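In: Next comes the sequence, and after it the predicted model I'd like to discuss.
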Amino acid sequence: MECPHLNSNVSCSIDSSRFPNGTPSSWCCNVCRSNKSPWVCLTCLVVHCGRYVNGHAKKHFEESQVTGVSQKKGEKQEKEKSHHSVCMDCSNHSVFCYRCDDFVVNDTKLGQVQKMREHLQSATGLRNLGNTCFMNAILQSLSNIEQFSCYFKELPAVALRSGKTAGRRMYHTRSQGDNSVSLVEEFRKTLCSLWQGNQSAFSPDSLFYAIWKIMPSFRGYQQQDAHEFMRYLLDHLHRELQYSRNGASHPVSPQDGVRLSTAEGKCCINGTASVVTSNFGGILQNEVNCLICGTESRKFDPFLDLSLDIPSQFRQKRSKDQEPGPTCTLRDCLHSFTDLEELDETELYYCHKCKKRQKSTKKFWIQKLPKVVQPLWVWFGNLKTKSQNMNALLKIFP
């Protein structure tokens, strides 16, 4: 939400000398000295722990609501009331306002929130292990989806090759006959390393090794398709998370016993929800109408991504000297995807009322939109002749 309290609560200056030593994600609460879930007040730059630790950040806000009275030169002077209601998570840099009781998406007119983020951020890159740009690009993208990455970072560690789990949850890989490797665990460790900010670059060797074992098609150091890798990765993460070592049939969240909602299970793979389907899963409605008798057929399918064609009016073969054509937007692609389409002779629909194949129309509806949409843009040239370079100006953000 857009917070109306930013301008009066966010400090105009960032004084590095007032911050604790070490990386922001490891800072300790000014009261209890806990380094779990540190939040920095954007008014006074003091660090406190979050509400799920000892709640000192919230207590700091509540105490600031009491107007203090100071004594100076025999005169009572009322201290200026500062609300101290806006604070920033030192790990993922999300901003929360206690007066709004919600996360904040806007910034001050001077951009002070973004400046604070840049000050706290110590970005960690991923080393190229040999044509692994496809993997690194996907890992960086997924790590910046807050709800998705926070889920994995809060998961308990997995004990492998050991009968002693010390109360830690274990996951098994369906594609392997043993528990010598866990994709969930290696993915979790990679995300944690990316967000710790204590190194300039991280080598995801262990994750890459797990991928080689679990996804044989990605073995070696050849160039790979990033979107295909993401689909394989999300699919395997989803399947591992479906079952714990004790055979639980429901996906379990970082807090034992907390399950994903049944509503999220409607748009998932194999009927079971996970953090993958709750973030990326949607429902597509396929509607076919017989043009002879008017019979309507509906089918509902879960999806994790949308394959969107570049509309034909935006695809053209141009020489270098020609002016660029019109810009295609995401909205244009979605309109084209959901347009009513008459099926040609090779795709005649079998009408159960007419008892034969008839001319019909088809239309897609997005019945449930996912929290995170994965659009895949595709366009086709003349496949019967030699390949052609198709030019299109694509504006990804609407």
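Out: Received it, and whenever you're ready, just let me know what you need.

In: Using CSV, list the CA coordinates for whatever helix or strand Leu191 lives in.
Out: Element membership of Leu191, judged by DSSP states H and E, is helix 183-196. C-alpha atoms of helix 183-196 as CSV (Å, rounded to 0.1, in the frame of the first residue of the first chain):
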residue,chain,number,x,y,z
LEU,A,183,17.3,-29.6,-4.4
VAL,A,184,15.2,-27.7,-1.8
GLU,A,185,18.1,-27.6,0.6
GLU,A,186,20.7,-26.5,-2.0
PHE,A,187,18.3,-23.9,-3.3
ARG,A,188,17.7,-22.7,0.2
LYS,A,189,21.4,-22.4,1.0
THR,A,190,21.9,-20.5,-2.3
LEU,A,191,19.2,-17.9,-1.5
CYS,A,192,20.6,-17.4,2.0
SER,A,193,24.1,-16.8,0.6
LEU,A,194,22.7,-14.3,-1.9
TRP,A,195,21.0,-12.3,0.8
GLN,A,196,23.7,-12.4,3.4
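
In: pull the longest helix from the protein.
Out: The helix spanning the most residues in the chain, taking DSSP state H as the definition, is helix 226-242.

In: quick one: the helix holding Leu191 to helix 226-242, angle?
Out: 110 degrees (axes from the mean of the first three to the mean of the last three Cα atoms, to 10 degrees).

In: Now find how far off-centre the helix or strand following helix 183-196 is within its chain.
Out: Counting by DSSP H and E, the next helix or strand C-terminal to helix 183-196 is strand 201-202. Strand 201-202 has its C-alpha centroid displaced from the chain centroid by 21 Å (Cα atoms, centre = their mean, to the nearest Å).

In: as a whole number, average confidence for strand 201-202?
Out: Averaged over strand 201-202, pLDDT sits at 82.

In: Also stretch 3-17?
Out: 78.

In: What of stretch 290-299?
Out: 92.

In: domain ranges for the chain?
Out: When the chain is parsed with automatic domain parsing, its domains come out as 6-69+77-120, 125-279, 282-395.

In: which residues sit against the helix holding Leu191?
Out: 23, 25-26, 91-92, 124, 126, 139-140, 142-143, 149, 152-153, 155, 157-158, 160, 171, 173, 199, 202, 204, 206-207, 209-211, 214, 233, 236-237, 240-241 (Cβ atoms under 8 Å, 6 or more residues apart in numbering). Every residue, glycine included, has its C-beta placed from N, CA and C.

In: show me where the stretch 1-150 of the chain has helices.
Out: Using DSSP state H, counting those that start in this stretch, the helices of the stretch 1-150 of the chain run over 6-9, 56-64, 112-120, 133-143, 146-153.

In: Looking at the ones you listed, spot the one closest to Glu347.
Out: helix 133-143 (33.7 Å; Cβ to Cβ).

In: Determine the set of other helices and strands touching that closest one.
Out: On a contact count with 3 or more Cβ pairs under 8 Å, 6 or more residues apart in numbering; DSSP states H and E, helix 133-143 meets strand 125-126, helix 146-153, helix 183-196, helix 205-214, helix 226-242.

In: Report how many residues lie close to the residue nearest to Lys115 when sequence neighbours are not counted.
Out: Distance criterion Cβ to Cβ, 6 or more residues apart in numbering; nearest residue to Lys115, sequence neighbours excluded, is Ile14 at 6.4 Å. Per other Cβ atoms under 10 Å, the neighbour tally for Ile14 reads 15.

In: Mind checking which of the contacts of helix 183-196 are buried?
Out: Listed as buried from the contacts of helix 183-196 are 23, 25, 91, 124, 126, 139, 142-143, 149, 152-153, 155, 158, 171, 173, 202, 204, 207, 210-211, 214, 233, 236-237, 240-241; burial here means 16 or more other Cβ atoms under 10 Å.
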